[in-house]
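Undergrad: Need the 3D shape of this:
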Amino acid sequence: MKIQMYNNPALYDACTAHKIDDIPFYEHWAKQTNGPILELACGTGRIAKHLIESGFNYTGLDLSSVFIDYCRSNFPNGKFTTGDMCDFNLGQKFDLIFIPFNSFLHLYKEDEMTQCLKSIQNHLSDNGKFLLDIFVPNPEFLYRDPDKKYEEMTIIHPNGGECTVWQKNQYKEETEINHIHWFFNRGNIEPMDEYDFDMRMIYPDTMDRVLSDSDFTIEEKWGDYDGEPFNETSLLQLYICSKRS
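TA: The predicted structure follows:
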């Protein structure tokens, strides 16, 4: 059965429960800026939970109204709003704005990226920081056999028991979009649930240019969450940006 992940907070949480290595990164920059925080594509509050519990003035925005309702129920000390990160108007400035865990890769065209960055510029305080976290495209992943299933991860399924998530993908060079298909194998339960999604592969030179063209200064670029400078072996592109003065 085809499913929609963004209407299923419990399944989304199960698929992202492993992602904890970026939490100290955002806590560090929250302390450094020490002002209002805006997270775009906040999901089910994976990062929000930690920042709110630490007492920060936190706002989360997500396109999924189901996720936003879930966050409001679970994190009453935060502010959450449904909206499109390409076009939003919250009527205030923030000292820290960030887009975590590859969510920016769901913007498939450069004009969408530019519009998103314009909205961020309109909400970022003069001395504020903008953080962006995306992975470096890996040719071994992009160009593997599109007809073969590869094991992605094992999760504890919200309906009970272990579930192996298998993945197929097909990369289109002309659009730089990777079409991804997940299969949820819960043992003898048939048919398997399936989920499709796309991601734009953004190479470092492209991301550098788009940020610069959008009037951001790249103050630092890290290759991991521990602050190692970005280089040709880095797996991540972590941008610490400010408004160009």
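
Undergrad: What is the end-to-end distance of stretch 227-240?
TA: One end of stretch 227-240 sits 11 Å from the other (Cα to Cα, to the nearest Å).

Undergrad: quick one: buried residues of it?
TA: Within stretch 227-240, the residues that qualify as buried are 230, 234, 236-240, counting by 16 or more other Cβ atoms under 10 Å. The C-beta positions use only the backbone N, C-alpha and C, and glycine is treated the same way.

Undergrad: out of those, who's nearest residue 133?
TA: Of all the buried residues of stretch 227-240, residue 133 sits closest to residue 238, with 5.5 Å by Cβ to Cβ.

Undergrad: can you tell me which residues contact the closest residue to residue 84 other than its chain neighbours?
TA: Leaving aside its chain neighbours, residue 84 sits nearest to residue 63 (5.7 Å; criterion: Cβ to Cβ, 6 or more residues apart in numbering). Taking Cβ atoms under 8 Å, 6 or more residues apart in numbering, we find residue 63 in contact with 6, 41, 82-85.

Undergrad: from these, which single one is nearest residue 114?
TA: Once Cβ to Cβ is applied, the member of the contacts of residue 63 that ends up nearest residue 114 is residue 85, at 12.4 Å.

Undergrad: Neighbours of residue 68, how many?
TA: By the criterion of other Cβ atoms under 10 Å, residue 68 has 21 neighbours.

Undergrad: quick one: secondary structure of it?
TA: With DSSP: H, G, I helix; E, B strand; the rest coil as the basis, residue 68 sits in helix.

Undergrad: Much appreciated, bye for now.
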